[in-house]
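**Q** next one to model:
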Amino acid sequence: MVQIKRSELLTSLQKDSFAFKSQVFLFFGERFLCKEAADLVQDKLLEQQPGAVHGVDGDVEDSGQTLARLMSFSLLPGRQLYRVSHSRIFHSKTVVSEIWTKATQSFQAGRPGPALRHLQAMTQAVDLKIDGPAPLSEITQQEWKKIFTFDKPGERLTWADDLLSESQDIPKVNKTNLIDRYIEAFDKGLPDGNILLLTAETVDKRQRLFTYIKKNGTVVDCSVASGANAAAQNEQKTVLKEMMQKTLLEFEKKIDPRAVEIFFNRVGFHPVAVVTETEKLAHFVGDRPVITCNDLETMVARNREDALYELTDAFSKRQTGRTLSILSRLLEQGFHGLAILATMRNFLRKQLIYRSMQMRPSPAWRRGMNAKEFQSHYLPDLKAQGEWKELLQGHPYALFMSFTKASEYSCAGLKRWLSMLLDAEFRLKGSPLPAQLVLEELFVSMLKGSPKFS
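**A** Here you go, the predicted model:
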């Protein structure tokens, strides 16, 4: 019937022409924005005709049971809204690499809960049975590519194995048969007053159920461009400014324009954090009508990704005191020790790869290479070889700084550090020692001695 962007939703809700004859709504894209959009539609539907909302958690949903409830006539009066949050029915093999990326980013940011949710979604999308203490690590390179359709990551996957092994089983369904049943039910027609609201963070737009709802229901696109290019950054800032202004309006507050840019640089593109941090600022200023830069400095800390970057930055500069101070702060903020190790492992692995590239006869790396020469000649020649494409993306100057730092190390020394990380991981898992003690001993051991080792 209709597909619209989230930015068009409020205007559409105010028009009589909006497709409220639809009994199936799908909201896909950024998790928090999907929730907000679904809330607007839910409120509008219940405003037109009161009823009840039946919430379903898509992370543990039995989709067959949801369909059975949706097709049943209710004894309750009014509209019956069946709202499935974070539905996985639109997942397929074509989106598992995207889900894996979200899982690793969540874990490295110290958020094991969301990381587990993405891992479960990934394994469910390919109908992978979780069995044994190391379900992902035990998969060979060839089997991984066949199952997930992308290359197996080079880093250790013990963190993912641990999360999956400790989690509860999720319902297994024959997805192909289930999609047929959903489409058949929609064609037959839902009971009057029964309405399905689906939110999904990741969808395969080529899947039959998605294309069916797009044609016969209402789809709201809540996705936001990702990446660091100017267009993506502008779109992200537009969304965040909208959410900030909406929150400030509820508190009848304003913010100093100079503080806005600082705010976004600190929080990043995290819609939930934008709302909660804005609310925190509004409560902090009390009766004052304007939030100032000083208020921001006092109340808004750098986000978790920034904190992890601070750790690797202090480590790379061999600032032992600062490294231990940041480590202590991360642990106090609830970061898991294994997440900190995963961040360090990824950092050292990249340094090892960059250093190994520098040891090639062509293109030739030399100490003292400037940024212009790196960007104009060395980097294009390196990319032309077609290897490690994902590690050669990003801003050229940032890559130049990473290559410069890597040139200070030897491959043998970086391998030794990675081995020390592995030993620390085993101690975190099998030793009664506090995580802080294990990690502090690790960093002190790694940072002692000369920065250039063999």
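
**Q** now do the contacts for Ala435.
**A** Leu331, Gly337, Leu428 (Cβ atoms under 8 Å, 6 or more residues apart in numbering). Every residue, glycine included, has its C-beta placed from N, CA and C.

**Q** could you point out the helix or strand that follows the lowest-mean-pLDDT helix or strand in the chain?
**A** Here the helix or strand of the chain ranked lowest by mean pLDDT, DSSP states H and E is helix 304-316, holding a mean of 75. Of the helices and strands lying after helix 304-316 in sequence (DSSP states H and E), the nearest is helix 320-332.

**Q** tell me what that following helix is packed against?
**A** The helices and strands touching helix 320-332, judged by 3 or more Cβ pairs under 8 Å, 6 or more residues apart in numbering; DSSP states H and E, are helix 304-316, helix 337-358, helix 435-447.

**Q** strands of the stretch 351-454 of the chain, start to end?
**A** For the stretch 351-454 of the chain, no strands are identified by DSSP state E, counting those that start in this stretch.

**Q** and the helices in it?
**A** Remark: helices assigned in the stretch 351-454 of the chain by DSSP state H, counting those that start in this stretch are 371-373, 379-384, 396-406, 411-430, 435-447.

**Q** of all those, which lies closest to Leu33?
**A** Nearest to Leu33 among those is helix 396-406; the distance by Cβ to Cβ comes to 28.5 Å.

**Q** which of the residues in that closest one are buried?
**A** Residues of helix 396-406 classed as buried by neighbour count (16 or more other Cβ atoms under 10 Å): Pro396, Leu399, Phe400, Ser402, Phe403, Thr404, Lys405, Ala406.

**Q** what's the answer for stretch 332-341, then?
**A** Phe335, His336, Gly337, Leu338, Ala339, Ile340, Leu341.

**Q** now do the end-to-end distance for that stretch.
**A** 16 Å (Cα to Cα, to the nearest Å).

**Q** now that stretch, how far from the chain's geometric center?
**A** 17 Å (Cα atoms, centre = their mean, to the nearest Å).

**Q** show me the contact partners of it.
**A** Stretch 332-341 has contacts (Cβ under 8 Å, 6+ apart) with 107-110, 112, 158-159, 162, 304, 307-308, 311, 327, 330-331, 421, 424-425, 428, 435, 438-439.

**Q** same deal with stretch 358-378?
**A** Met357, Asp381, Leu382, Pro396, Tyr397, Leu399, Phe400, Phe403, Thr404, Ala406, Ser407, Cys411.

**Q** how distant is that stretch from the center of its chain?
**A** 34 Å.

**Q** ok, which of the helices of the stretch 351-454 of the chain comes nearest Thr323?
**A** When these are compared by Cβ to Cβ, helix 435-447 sits nearest Thr323, at 5.4 Å.

**Q** kindly export stretch 78-93 (C-alpha atoms) in CSV.
**A** Taking C-alpha atoms only, stretch 78-93 is exported to CSV below (Å, rounded to 0.1, in the frame of the first residue of the first chain):
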residue,chain,number,x,y,z
GLY,A,78,-11.6,-2.9,20.5
ARG,A,79,-8.4,-3.1,18.4
GLN,A,80,-5.9,-5.8,19.2
LEU,A,81,-2.3,-4.7,18.4
TYR,A,82,0.3,-7.4,18.2
ARG,A,83,3.6,-5.7,18.5
VAL,A,84,6.7,-7.7,17.7
SER,A,85,9.9,-5.9,18.7
HIS,A,86,13.2,-6.8,17.0
SER,A,87,11.7,-9.4,14.7
ARG,A,88,14.1,-11.8,13.1
ILE,A,89,11.7,-13.2,10.5
PHE,A,90,13.3,-10.9,7.8
HIS,A,91,16.8,-12.2,8.3
SER,A,92,18.6,-14.4,5.7
LYS,A,93,22.1,-15.4,4.7
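
**Q** list the buried residues in it.
**A** Within stretch 78-93, the residues that count as buried by 16+ other Cβ under 10 Å are 79-92.

**Q** quick check, nearest of those to Gly51?
**A** Checking these against Gly51 with Cβ to Cβ, the nearest one is Arg79 at 3.2 Å.

**Q** show me what contacts the closest one?
**A** Neighbour list for Arg79: Leu45, Leu46, Gln49, Pro50, Gly51, Ala52, Gly193, Asn194, Ile195 [criterion: Cβ under 8 Å, 6+ apart].

**Q** so Glu155: helix, strand or coil?
**A** coil (DSSP: H, G, I helix; E, B strand; the rest coil).

**Q** contacts only, for it.
**A** Glu155 touches Ala342, Arg345, Asn346, Arg349, counting by Cβ under 8 Å, 6+ apart.

**Q** mind doing that once more with 10 Å?
**A** Residues in contact with Glu155 (Cβ atoms under 10 Å, 6 or more residues apart in numbering) are Thr104, Ala342, Arg345, Asn346, Arg349, Leu418.

**Q** look up the pLDDT of the first one for me, please.
**A** Per-residue confidence (pLDDT) for Thr104: 83.

**Q** any idea which helix or strand carries it?
**A** Using DSSP H and E, Thr104 sits within helix 96-108.

**Q** can you give me the buried ones in the helix or strand following that helix?
**A** Next in sequence after helix 96-108, counting helices and strands by DSSP H and E, comes helix 112-125. Neighbour counts over helix 112-125 (16+ other Cβ under 10 Å) mark Pro112, Ala115, Leu116, Arg117, His118, Leu119, Gln120, Ala121, Met122, Thr123, Gln124, Ala125 as buried.

**Q** other SSEs contacting helix 112-125?
**A** Applying 3 or more Cβ pairs under 10 Å, 6 or more residues apart in numbering; DSSP states H and E, one finds that helix 112-125 contacts helix 96-108, helix 141-148, helix 158-166, helix 337-358.

**Q** try 7 Å this time
**A** helix 96-108, helix 158-166 (3 or more Cβ pairs under 7 Å, 6 or more residues apart in numbering; DSSP states H and E).

**Q** hmm, back to that, buried ones among the contacts of Arg79?
**A** The neighbour count (16+ other Cβ under 10 Å) marks Leu45, Gly51, Gly193, Asn194, Ile195 as buried among the contacts of Arg79.

**Q** for Tyr309, see how far away the second one is.
**A** Right, the one you point to is Gly51. From Gly51 over to Tyr309 the distance is 48 Å, taken as Cβ to Cβ, to the nearest Å.

**Q** one more: the first one?
**A** Using Cβ to Cβ, one obtains 44 Å as the distance from Leu45 to Tyr309.

**Q** kindly report the same for Ala342.
**A** 14 Å.

**Q** quick one: which of those two has more around it?
**A** Neighbour totals were compared for Ala342 and Tyr309, and Ala342 leads with 24 against 15 (other Cβ atoms under 10 Å).

**Q** what strand or helix carries Ser12?
**A** helix 6-13.

**Q** chain center to that helix, what's the gap?
**A** The chain centre lies 26 Å from the centre of helix 6-13; the measure is Cα atoms, centre = their mean.

**Q** what residues go with each domain of this protein?
**A** 1-223, 230-299, 304-447 (automatic domain parsing).

**Q** name the member of the contacts of Glu155 with the most neighbours.
**A** Neighbour-wise, the contacts of Glu155 (other Cβ under 10 Å) top out at Ala342, 24 neighbours.
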